[in-house]
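>>> next comes the sequence, and after it the predicted model I'd like to discuss.
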Amino acid sequence: MSETIGVVGAGTMGNGIAQVAARAGCDVVIRDVQDDFLQRGLKTIDKSLQRDVDKERLSTEEKHGILGKIKATTELSALSGCSVVIEAVTENLEVKTDVFRALDQITQPTTILASNTSSISITKLGAATRRPDKVIGMHFMNPVPVMKLVEVIRGIATSDETYERVRSLSDKLGKTALDCQDSPGFVSNRVLMPMINEAIFALYEGVATRESIDGIMKLGMNHPMGPLTLADFIGLDVCLAIMNVLHEGLGDPKYRACPLLKRYVDAGWLGRKSGRGFYEY
Ligand code: 3HC
């Protein structure tokens with residue numbers, strides 16, 4: 001019998017995780033609070049798989065088979081039979097804590113509860129449940145179908161067994177799991193976000209144009225995207241939230257968010273998803 005993976009949240013990360021899990025042969029239950037969020041998520045999965053159909057790496061039949069493995073629902077209770085549930089809701093401690101508390105109530109005691117958080121403490125999320133030994137971070141990267149990494153974060157109480165199960169699930173999904181301790185921003189965002197923030201400071205201080213800053217990092221460092229383009233891709237609200245977690249959690253002024261980043265978020269210029277960020281879309 002194939003494993004059933006639950007995904008909470010059908011946004012960018014949630015639908016990507018659902019796609020790779022279904023493609024790896026898992027049954028998937030994806031839950032969001034509104035049907036239109038689910039429909040948008042399923043449409044994104046369809047489009048992403050279609051790229052591979054167009055490139056003749058996947059047949060239309062296989063695509064339908066993968067889509068058929070994904071059950072979309074607005075009922076949290078539909079996740080009760082999952083062996084692992086991966087939470088990918090908005091990056092907000094209160095919202096995530098509520099989801100973990102609810103998942104703890106409705107899933108089997110053996111179910112692993114993983115969070116795709118980009119910076120929130122796994123130890124805190126574990127403390128919201130009666131099974132902190134089965135709570136762990138599985139931090140996927142955007143776009144999930146393309147990026148190879150899963151950053152695996154162990155909370156203070158996460159058991160070795162949970163860690164091993166998540167490592168082998170990551171292998172099954174075709175990802176490479178690399179582990180780190182539960183520290184603000186983990187490794188990925190502790191290193192990436194200050195670079196992006198510094199690029200925003202360079203723009204703010206008029207050191208160079210957006211095109212120059214991005215071009216210098218793309219051509220000079222062989223990055224696939226310049227830092228301002230990447231910030232727009234990630235979402236400026238997400239970047240700001242992560243900088244705030246680093247600043248508060250590590251207490252060092254070097255992590256203060258650039259005023260320009262704050263101003264853009266205040267204006268609702270959130271990057272690609274809102275049609276405007278450092279670039280216009
Ligand atoms: N679904 C499926 N496949 C996709 C895809 C998607 N959403 N987006 C791109 N692809 C595939 C394309 O089909 C193509 O496949 P192929 O080379 O096998 O034919 C390949 O990816 C490359 O895509 P493109 O040619 O369209 O475009 P690029 O070469 O510019 O690549 C990119 C796009 C993969 C997004 C690349 O620009 C990149 O790697 N950017 C950096 C991404 C990054 O840094 N992500 C991490 C963000 S941080 C994060 O997620 C953590 C969070 O906590 C903030």
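Everything's here; your move. Numbering: from 1, shown residues only.

>>> helix, strand, or coil at the residue of the stretch 51-200 of the chain found nearest the ligand?
Scanning the stretch 51-200 of the chain for the residue nearest the ligand gives Ser118, at 2.9 Å (criterion: CB to the nearest ligand atom). C-beta here means a position set from N, CA and C on the backbone, and glycine is covered the same way. Per DSSP: H, G, I helix; E, B strand; the rest coil, the local secondary structure of Ser118 is coil.

>>> I'd say it and Asp237 touch.
No: contact between Ser118 and Asp237 fails when scored by CB atoms under 8 Å: they sit 11.8 Å apart.

>>> so between the two, which is more surrounded?
The neighbour count for Ser118 versus Asp237, taken as other CB atoms under 10 Å, is higher for Ser118 (25 against 19).

>>> returning to that earlier point: which residues does the residue of the stretch 51-200 of the chain closest to the ligand contact?
Shown here is Ser118, whose contacts under the criterion CB atoms under 8 Å, 6 or more residues apart in numbering are Glu91, His139, Gly185, Phe186, Ser188, Asn189, Val238, Ile242.

>>> report the separation between it and Ser274.
When CB to CB, to the nearest Å is the yardstick, Ser118 and Ser274 sit 19 Å from each other.

>>> with Thr162 instead?
The gap separating Thr162 from Ser274 is 37 Å, by CB to CB.

>>> between those two, which has more neighbouring residues?
Neighbours per residue, other CB under 10 Å: of Thr162 and Ser274, the larger number sits with Thr162, 23 against 16.

>>> these two touch, right, the more buried one and Ile136?
Yes: between Thr162 and Ile136 there is a contact at 5.3 Å, judged by CB under 8 Å.

>>> now do the same for the closest residue to Pro109 other than its chain neighbours: its pLDDT.
Of all residues not flanking Pro109 in the chain, Arg131 sits nearest, at 6.5 Å (CB to CB, 6 or more residues apart in numbering). We have a pLDDT of 98 for Arg131.

>>> okay, now Arg131: neighbour count?
By the other CB under 10 Å criterion, the neighbourhood of Arg131 contains 19 residues.

>>> list the contacts of it.
Taking CB under 8 Å, 6+ apart as the criterion, Arg131 is in contact with Asp104, Pro109, Leu113.

>>> next: Leu178.
Contacts were defined as CB under 8 Å, 6+ apart; by that measure Leu178 touches Leu149, Val150, Glu151, Val152, Val187.

>>> Val8 too?
Under the criterion of CB under 8 Å, 6+ apart, the contact partners of Val8 comprise Gly14, Arg31, Asp32, Leu76, Leu79, Val85, Ile86, Glu87, Ala88, Val89, Val99, Leu103.

>>> what about the helices in this structure?
When secondary structure is read from DSSP state H, the chain shows helices at 12-23, 35-54, 60-68, 93-106, 122-127, 160-172, 188-204, 210-221, 227-234, 236-250, 259-266.

>>> I would like the residues contacting stretch 235-254, please.
Outside of stretch 235-254, the residues that reach it under the criterion CB under 8 Å, 6+ apart are 91-92, 118-120, 183-185, 189-190, 193-194, 196-197, 231, 255-257, 261-262, 264-265, 269-273, 277.

>>> filter the residues you listed to the buried ones?
Neighbour-count burial within the contacts of stretch 235-254 applies to 91, 118-120, 184-185, 189-190, 193-194, 196-197, 231, 255, 257, 261-262, 264-265, 269-273, 277; the criterion is 16 or more other CB atoms under 10 Å.

>>> quick one, domains of the chain?
Here the domain assignment for the chain is 4-181, 189-271, based on automatic domain parsing.

>>> about what we covered before: most surrounded residue in the contacts of Leu178?
For the contacts of Leu178, the largest number of neighbours (other CB under 10 Å) sits with Val150, at 27 neighbours.

>>> who's that one bridged to?
The residues listed as beta-bridge partners of Val150 by DSSP bridges are Phe140, Ala177.

>>> and the pLDDT at Met1?
58.

>>> would you mind listing what in the stretch 101-250 of the chain touches the ligand?
118, 141-143, 145-147, 188-189, 192, 224-225, 230, 234, 238 (CB under 6 Å from any ligand atom).
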